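1. Take a look and give me a structure for this.
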Amino acid sequence: LQGYIDNLKKGEGSSGAKYSSRYIGSMVGDVHRTLLYGGIFAYPADAKNTNGKLRLLYEAAPMSLIFEQAGGKSIVGPNKRVLDVIPEQVHQRVPVFIGSPEDVDEVSAALA
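-> Predicted coordinates for the structure are as follows:
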């Protein structure tokens with residue numbers, strides 16, 4: 001995943017555009033910015049939070065629904081939509097990647 005991010009910053013992604021990192025610190029603000037200006041919102045799992053950090057039912061799924069209705073895509077892993085995840089717990093956490101279909105397909109390939 002780090003190699004994918006580095007390639008985006010160099011402009012070596014599929015779009016050829018150089019991406020920069022932005023982090024407002026609020027998922028709603030970050031996703032809103034992504035919706036307005038393009039790019040990808042990524043909150044992957046890490047060593048400490050192996051299931052991701054964002055809650056499925058009231059963070060990941062609502063933002064994914066908005067993005068998909070606007071023509072975007074959202075996944076939790078390679079080729080697995082956020083909206084296809086069946087909740088097992090109220091506070092279940094998931095990794096999230098939200099953005100344009102092209103960007104999300106590219107990150108899905110990098111995760112595979």
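
2. Val94 contacts Ala60, correct?
-> Yes: assessed by C-beta atoms under 8 Å, Val94 is found in contact with Ala60 at 5.3 Å. For every residue, glycine as well, the C-beta is placed using N, CA and C.

3. what comes into contact with the lowest-mean-pLDDT helix or strand in the chain?
-> Ranking every helix and strand in the chain by mean pLDDT, DSSP states H and E puts helix 2-10 at the bottom, with a mean of 85. Here helix 2-10 makes contact (C-beta atoms under 8 Å, 6 or more residues apart in numbering) with 13, 18-21, 40, 42, 106-107, 110.

4. Tell me where the protein has strands.
-> With DSSP state E, the ranges of strands along the chain come out as 40-43, 54-55, 73-77, 80-81, 93-94, 96-99.

5. what's the pLDDT at the residue nearest the centre of the chain?
-> For the chain, Phe97 is the residue whose C-alpha lies nearest the centre (C-alpha atoms, centre = their mean; 1.3 Å). Predicted confidence (pLDDT) at Phe97: the value is 95.

6. my read: it touches Thr34, true?
-> No: look at Phe97 against Thr34 with C-beta under 8 Å: they stay out of range, at 10.7 Å.

7. got any residues that touch both of the two?
-> Contact with both Phe97 and Thr34 is made by residues 40-41, according to C-beta under 8 Å, 6+ apart.

8. I'd like the distance from Lys73 to Lys80, if you could.
-> For Lys73, the distance to Lys80 (C-beta to C-beta, to the nearest Å) stands at 11 Å.

9. higher neighbour count, those two?
-> Comparing Lys73 with Lys80 by other C-beta atoms under 10 Å, the one with more neighbours is Lys73, at 21 against 12.
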